[in-house]
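Visitor: Sequence and predicted model, in that order:
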Amino acid sequence: MSFVHLHLHTQYSLLDGANKIAELLPRIGKAGMPACAITDHGNMFGAVQFHEAAKKAHVQPIIGCEMYVAPQSRFEKAGRIDDYEAGGNYHLVLLAMSREGYRHLCQLVTAGYREGFHYKPRVDKELLRELGGGLIALSGCLRGEVAHNLTNGQPERARAAAEELARIFDGRFYVEIQDNRLPAQERVNRELIALARAMGLPLVGTNDCHYLRPEDAAAHEALLCIQTGKTFSDERRW
């Protein structure tokens with residue numbers, strides 16, 4: 001069975017991704033993967049470089065973005081970044097499936113910076129309804145709206161979020177599960193699978209890749225320490 005990475009961060013996920021495009025795509029090609037997606041946080045800085053490197057490696061490039069989605073309106077900027085009722089954000093993976101989808105993805109990213117920026121470049125459901133054509137949506141990581149509500153013991157809100165996203169991306173919304181060895185993820189995976197089956201939604205497995213080789217883990221952790229203002233010696237940094 002072939003596997004395709006549909007949730008992957010490069011060095012353009014600033015202070016988070018440690019995958020270098022020039023090294024990544026040859027590795028993907030040698031692994032026999034027919035395609036690979038780029039889904040950097042809130043931007044498409046690496047899209048052109050990724051596309052060119054993928055073609056050279058005989059890999060089908062899939063251009064995407066892990067969007068930051070405002071819990072209410074993108075114009076609501078009163079709360080903190082972790083305030084899911086006001087100024088915070090959920091994560092949502094979008095993948096362009098056509099020229100229209102690529103154009104819409106560009107417009108969404110632009111609007112995130114020009115209209116919704118609050119700690120992060122955010123879009124909202126209004127924009128997703130307007131510009132969702134040609135895009136596939138994955139429910140995202142533990143910071144996704146569906147998984148976040150399940151983590152917090154709110155299955156009704158998780159189902160409501162999944163229903164709304166399924167309406168916006170009619171026939172193009174996938175419930176995302178990951179295998180990252182986090183206990184919270186393992187528990188939520190079971191609930192996500194049950195939710196998807198109950199709603200008749202398709203599942204997709206991803207790895208949420210941030211670095212290429214096991215030995216790159218320390219470099220990736222250094223990036224996260226810089227991002228969060230922590231040090232390696234701080235045992236409570238996470």
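Guide: Now that the structure is in, tell me what you want to look at.
Visitor: Show me the helices in this protein, by range?
Guide: For the chain, the helices defined by DSSP state H cover 21-30, 47-56, 99-114, 125-131, 145-151, 155-168, 183-199, 217-228.
Visitor: what helices or strands is the third one leaning on?
Guide: Of the remaining helices and strands, those touching helix 99-114 by 3 or more C-beta pairs under 8 Å, 6 or more residues apart in numbering; DSSP states H and E are strand 60-69, strand 90-96, strand 122-123, helix 125-131, strand 135-138. For glycine as for every other residue, the C-beta is placed from the backbone atoms N, C-alpha and C.
Visitor: 10 Å - rerun?
Guide: With contacts defined as 3 or more C-beta pairs under 10 Å, 6 or more residues apart in numbering; DSSP states H and E, the packing partners of helix 99-114 are helix 47-56, strand 60-69, strand 90-96, strand 122-123, helix 125-131, strand 135-138.
Visitor: and these, which is most packed in?
Guide: Compared across the helices and strands packed on helix 99-114, strand 122-123 shows the largest average neighbour count, a mean of 28 (mean count of other C-beta atoms under 10 Å).
Visitor: Tell me how far it lies from the chain's centre.
Guide: 13 Å (C-alpha atoms, centre = their mean, to the nearest Å).
Visitor: And residue 132, its phi and psi?
Guide: The phi and psi torsions at residue 132 (degrees, to the nearest 10) take the values phi -80, psi -10.
Visitor: ok, it to residue 66 distance?
Guide: 16 Å (C-beta to C-beta, to the nearest Å).
Visitor: Out of the helices of the chain, which one sits most buried?
Guide: helix 145-151 (a mean of 24).
Visitor: for that one, packing partners?
Guide: Contacts defined by 3+ C-beta pairs under 10 Å, 6+ apart place helix 145-151 against strand 90-96, helix 155-168, strand 173-178, helix 183-199.
Visitor: list the helices and strands the longest one packs on?
Guide: Meaning helix 183-199. Applying 3+ C-beta pairs under 10 Å, 6+ apart, one finds that helix 183-199 makes contact with helix 145-151, helix 155-168, strand 173-178, strand 203-206.
Visitor: just the angle between it and strand 173-178, please?
Guide: On the basis of axes from the mean of the first three to the mean of the last three C-alpha atoms, to 10 degrees, helix 183-199 is oriented at 150 degrees to strand 173-178.
Visitor: quick one: helix 183-199 to chain centroid distance?
Guide: In terms of C-alpha atoms, centre = their mean, the centre of helix 183-199 is found 18 Å from the chain centre.
Visitor: if we can go back for a sec, how about CSV for the helices and strands packed on helix 183-199, with mean pLDDT and distance to residue 124 added?
Guide: Below are those laid out as CSV (pLDDT from 0 to 100; distance: least, C-beta to C-beta, whole Å):
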stretch, mean pLDDT, distance to residue 124
helix 145-151, 97, 12
helix 155-168, 98, 11
strand 173-178, 98, 17
strand 203-206, 98, 23
